[in-house]
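In: compute the structure for the input listed below.
(4 chains)
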Amino acid sequence: MLLLIEQVLNGLQFGVMLFLMAAGLTLVFGVMGLINLAHGSLYMIGAFAAAAVAGATGSFLLALAASLAAAAAAGALIEVAVIRRLYDRDHLDQVLATFALILIFSEGTRWAFGSFPLYLDIPAWLSGPVSLPGGIEYSRYRLAIIGVGLAVALGLYLLITRTRLGIRIRAGEADREMIAALGIDISRLYTLVFALGAALAGLAGAMVGAIQSVQVGMGEPVLILAFVVIVIGGIGSVKGALVGAILVGLTDTLGGYLLPIAFGQVMEASSATAIGSALASMLIYILMAVVLILRPTGLYGARA
Amino acid sequence: MSRGIAINTAVLALCLAVPVYAHFAGEPFLLTLATRAVILALAAVGLNIALGHGGLISLGHAAFFGIGGYAMGILASHAQTFTPIADWPLLIEGTKSMPVIWLVAMVTSGLAALVIGALSLRTSGVYFIMITLAFGQMLYYFAISWPAYGGEDGLSIYVRNGFPGLNTLVPMQFFALTATVLAAAMALAHVLGRSAFGLALNAARQAPARVEAVGVRPFRLRLTAFVISGMITGLAGALFADLNRFVSPTMFSWQLSGEIMVIVILGGVGRLFGPLAGAALLVTLEHVLGGVSDYWQVYLGALLLGVVLFARGGIIGTLAGRDVAHG
Amino acid sequence: MAEPVLQVQGITRAFGALVASDNVSLDLREGEIHALIGPNGAGKSTLIALISGALAPDAGQIRFNGRDVTALDTVARARLGLGRSFQISAVVPEFTVLQNVVLAAQGAAGHSYRLFRPALKDRSATSSARAQIARVGLEARAAIPAADLAHGERRRLELAMALALKPKAFLLDEPMAGLGADGTAQMTTLLETLKAEAPILLVEHDMDAVFRLADRISVLDYGRIIATGSVEEIRQDPEVRRAYLGADA
Amino acid sequence: MNKLVCAALAVSLTAMAPVAALADGHGGVKVGMITTLSGGGAGLGIDVRDGFMLAIAQSGRDDIEVVIEDDQRKPDIAVQLADKMIQSEKVDIMTGIIWSNLAMAVVPSAVAQGKFYLSPNAGPSALAGAQCNPLYFNVAWQNDNLHEAAGAYAKSAGYANSFILAPNYPAGQDALTGYKRMYDGDLAGEVFTQLGQTDYAAEIAQIRNSGADSVYFFLPGGMGISFLKQYADSGVDIPVVGPAFSFDQGILQAVGDAALGVKNTSQWSKDLDNAANAAFVESFQAEYGRLPSLYASQGFDTANLMLSALETASPSDQEAFRAALMAADFDSVRGDFAFASNQHPIQNIYVREVVREGDVLTNKLVGVALEDHGNVFIDDCKM
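Out: Take a look at the predicted model:
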């Protein structure tokens, strides 16, 4: 039972991390109508910036700040240089151009930082386990990730509902011509939204980089999961991204834990683990298919 | 129109010149490269039917490529070890015969396309892109973790499969075989594009409401196109596996889906000769740039970016202008 | 008397608090042009969408050719013989005029899944298409891509596509929109000859054309039919004058 | 239509053309190296290449040409490059492949075409057993070796309840099989993770609750880094054992202090006490400015084995060259080195411990796990 609760926490942490990725993707799509495959590269840039700064200064907080700044700057740069030309294009051109950006960023990063993974560690003040009520020992750092993720979700909610920028973002989602008609500098708004999405991805990359490995190509698997998340949640919906992310996080973690056990009831142990884990790796895609059959535009997507 | 013909002729002349040169210069490797280009072009001809005519941006065509590859791998590996694939409810033996393998590859990838298409086509636009991508990943992970046929290590086939009357181990003969298949597929794509079905499919891409108003369901048109598209790409997968005498889950990887799409776009979306031109260019780039720098993918990325931003319509589109689009 | 070709009974459709179609009933009889008019926002577009099958009603029934079609979608209704034109031209831009009309003809003939025979060699579809193109006077433009047509030509192409379906009823959404005086006159003549083939439910802003063409008129206001009758009856109806013509008068 | 003509022409050309002339007797030796130099895992290929080229340079022989190509860790690219090496470059000897799945794609057809293949890393069981070949030599290890050594070490250390995990793919399944072959205690758990998995919270939670007295894991590349960092952070203090791959010089700095004190099994260590090794470590550092890794040592040994055989025979005389390779008459940086009958190494496998030396993390030898260890596939190899 305790193990199950711990796994739920793990699923939550994974989900929250996916949310940071998915939020930027879904915002960019909602406001600008752009599909950005290079979002995973921004995640990687955040992790590399954090590792570089942590290596130079030894400060984890500075490293986090650097990840935000570097990813936002990279985001703003590609928005101005490339992405801006793609808003009026069809999705096909967007897919191809951002695919090209992945190639450039991945190999460029390898050229700059080399082929070996970089080192980024959890700071001392966040390392080690903490005791939760009920006798669960749980990683302090992972709790912090859950906390940061939920705080970002709350912050995004407030940003979108309570601020002037949020009003413009919502206006942009509703009608692109309208915000131009309102006299809002649309290209600045777009750059801002894109950089915001990039910064969230960079933050996710840095936080995850401390417990995983910082290496070229780390972004793409997460990117694809983030796609699954926003397809489930409904494209353009930040709320959908949160719900979808947590759903995917829990499904993946609990599926990987429970399926082999379930198969173990009916067959011999080692083939049960093999089949169970094979099935578990497909579980979130099956979840996605089911959601699509029931609601083709996702849980919170606009009705077609 | 005449410029279009001139360009297509040039592409063909190149397709002739390379193998002839390779043959007489004693450069069989060049022939291997040309065969690779032809097979990738075949995969792209498949995608082009869905993408160019149907407007279906599938980022998961590697799924069909991989299924075709595994159809070959599974059949040939059973034939190689003389073990039946199934002995109940009926005995199924492996085979080393290309025509049988091709048929199985096309049927299985067509069935997969039917299921994936029926689910994915409930959506459109960005959803469709992401969902096809996700289905491709699902099969990728399945192939990796399914131990029966080598998992991540893949399957090696020691001797290339046979085709009646040919010695497929001779590079030139295998090249000629793949080129003939490509020619047939291009002829099929051409006929489809001009048929009543092609007309309705192209209309569904541009004005779906109009197609509904004339009493035709865009969903069924698209699904049909998606299945045909998946079958051709699946056939390409079987040939690709035979070229390499090897299958592995990387045939399912999303980078491969991206590569097939890049070929279609480099060549020119909806152009009959686009896939051939695009595949020839990509394979050449891979080969030439790869020799120039370890970081050659940076240049490839920059080139792609340039094509998207400044040379819309791909090679053939740029050279020919708009007159032969969807021809 | 025979059952009307198209019969709308008590159709209601709401978007949130806004009731766009409120218990609407109307019918379309053999051989007539029935015009549907009303000020902007009266719910004409919603009603067209409900009749064509693009929207599902919350309540009510639609009968077409003696059959309840309420549960059928656009495609099924089109197959039963409901031919429509669109308010904003929905022709296929990259296709030539001929290809556009062939698309409609082959759709009506159920040939759209012929995978191998070239579409333009489908004799029955092309000859029917050419006949319709001639009726709308676009013979000289048959090989021109629809994207390059002038606005009025595109409206006529719309009509040719509806004709090629050989429908049992026409649903024409503002066929005169954006046409000049000459174009409107041509279109009016054309529609007069059409009604003998199949009755027309005509949504139109051009009052002169409506009064000249229509056998009956229904007036829609705030989602409800406030009057139905002959041209003369509608001209005289005080409620119509107040709600609709009043603004102009 | 034109395309059909093109194809028909191609067919007729094939029919009339003579078979291309065979090997054009060049004086020197041409070596084809296919290895991973870009993308994930490039570090391993770069180390193999650098180690190999260092040995070639030290030999002073200028009649050896090495053609190096990047396989991008993609099997189809590797196969294509192999075709190029054989058909176009006409190499005599091939080497370089890091990954088992690439080796399985390339090696059987390369040896079938009469080329020698010397593996500097991958040692899939098929190539040691049923598909062994007189032209195929493995200079690193059979894939199971380091796992077997870990099992042997666990047994000798008195562990009786191990929790074992590996990715769900053939090498992962082989790893756990290898461990279990030598280890005879109970299993507290056996888990297959996803290949490329980056988050191990769920597995670590299971470990915490399993009551295990030791953990064995095989998670190559970034997976191992992620696992070790998360394991260290979780506060679980059950001792960990692993194969050298996750604790090698290239990767250790990214793992950080999380790796300190971990025991790992390896056939080589930079502090192995023999003259060849001391010279290798010093010259590698001098040449490339970094400590050599396990992979560099394997590349170095592969080149030296080849050089030693070239002293007595030419690859064109297959029988003689094979005998010369089999003699393994070279100074291995591992000390004693010999080939078993299936042409895989017989060698000591050591236990190393991760320590900190000044600023860098590295390994020091703490014992021998298996002495003169061969492999279990010898009987399957019929040649």
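
In: surely residue D:214 is in contact with residue D:156?
Out: No. Using CB atoms under 8 Å, residue D:214 is not in contact with residue D:156; the gap is 11.9 Å. C-beta: built from backbone N, CA, C; applies to glycine.

In: higher neighbour count, those two?
Out: Relative neighbour count places residue D:214 above the other of residue D:214 and residue D:156, with 23 against 14, counting by other CB atoms under 10 Å in any protein chain shown.

In: find the nearest non-adjacent residue to the more buried one, please.
Out: Spatially, and ignoring its direct neighbours in sequence, residue D:214 is nearest to residue D:159 (4.0 Å; CB to CB, 6 or more residues apart in numbering or on different chains).

In: the residue in chain C positioned nearest to chain D and chain B, how far apart?
Out: Among all residues of chain C, residue C:118 sits closest to chain D, at 15.0 Å; criterion: CB to the nearest CB. For residue C:118, the distance to chain B equals 5 Å [CB to the nearest CB, to the nearest Å].

In: for the residue lying closest to that residue once chain neighbours are set aside, give me its contacts.
Out: Computed as CB to CB, 6+ apart, the closest residue to residue C:118 that is not its neighbour in sequence is residue B:194, at 4.5 Å. Residue B:194 makes contact with C:118-120, according to CB atoms under 8 Å, 6 or more residues apart in numbering or on different chains.

In: roughly how far does residue B:194 sit from residue D:234?
Out: 64 Å (CB to CB, to the nearest Å).

In: same question for residue B:95.
Out: Residue B:95 is 51 Å from residue D:234, by CB to CB.

In: ok, now residue D:368?
Out: The gap separating residue D:368 from residue D:234 is 31 Å, by CB to CB.

In: what residues does the stretch 251-383 of chain D put near chain A?
Out: Selection of the stretch 251-383 of chain D residues close to chain A by CB under 8 Å from any CB of the partner chain yields D:251, D:253-258.

In: quick one: which of those is nearest to residue C:209?
Out: Distance to residue C:209 across those (CB to CB) is lowest for residue D:254, with 77.7 Å.

In: just checking, the closest one touches residue A:212?
Out: No. The criterion here is CB under 8 Å, and residue D:254 misses it with residue A:212 at 10.1 Å.

In: which residues do the two both contact?
Out: Each of residue D:225 lies in contact with both residue D:254 and residue A:212 under the rule CB under 8 Å, 6+ apart.

In: helices of the chain, start to end?
Out: Using chain A. A:2-32, A:39-57, A:60-81, A:91-113, A:140-162, A:164-174, A:176-181, A:186-209, A:219-233, A:238-266, A:269-294 (DSSP state H).

In: switch to chain B, please.
Out: Using DSSP H, helices in chain B cover B:2-24, B:28-48, B:62-81, B:98-120, B:125-145, B:171-194, B:196-206, B:208-213, B:218-244, B:254-267, B:274-292, B:296-310, B:314-320.

In: dump those helices to TSV, plus distance to residue C:139 and mean pLDDT.
Out: Supplementary listing: the helices of chain B in TSV, determined by distance: least, CB to CB, whole Å; pLDDT from 0 to 100:
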stretch	distance to residue C:139	mean pLDDT
helix B:2-24	27	77
helix B:28-48	34	92
helix B:62-81	45	92
helix B:98-120	40	95
helix B:125-145	38	88
helix B:171-194	23	93
helix B:196-206	20	93
helix B:208-213	22	90
helix B:218-244	29	95
helix B:254-267	37	90
helix B:274-292	34	86
helix B:296-310	41	87
helix B:314-320	30	71
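
In: out of those helices, nearest to residue C:202?
Out: Minimum separation from residue C:202 across the helices of chain B (CB to CB) falls at helix B:208-213, 16.6 Å.

In: now do the buried residues in that closest one.
Out: Residues of helix B:208-213 classed as buried by neighbour count (16 or more other CB atoms under 10 Å in any protein chain shown): B:208, B:210-213.

In: is chain A contacted by it?
Out: No. Using CB under 8 Å from any CB, we find that helix B:208-213 stays clear of chain A, coming within 11.6 Å at best.

In: which strands and helices sit next to that helix?
Out: On a contact count with 3 or more CB pairs under 8 Å, 6 or more residues apart in numbering or on different chains; DSSP states H and E, helix B:208-213 meets helix B:196-206, helix B:218-244, helix C:74-80, helix C:97-109.
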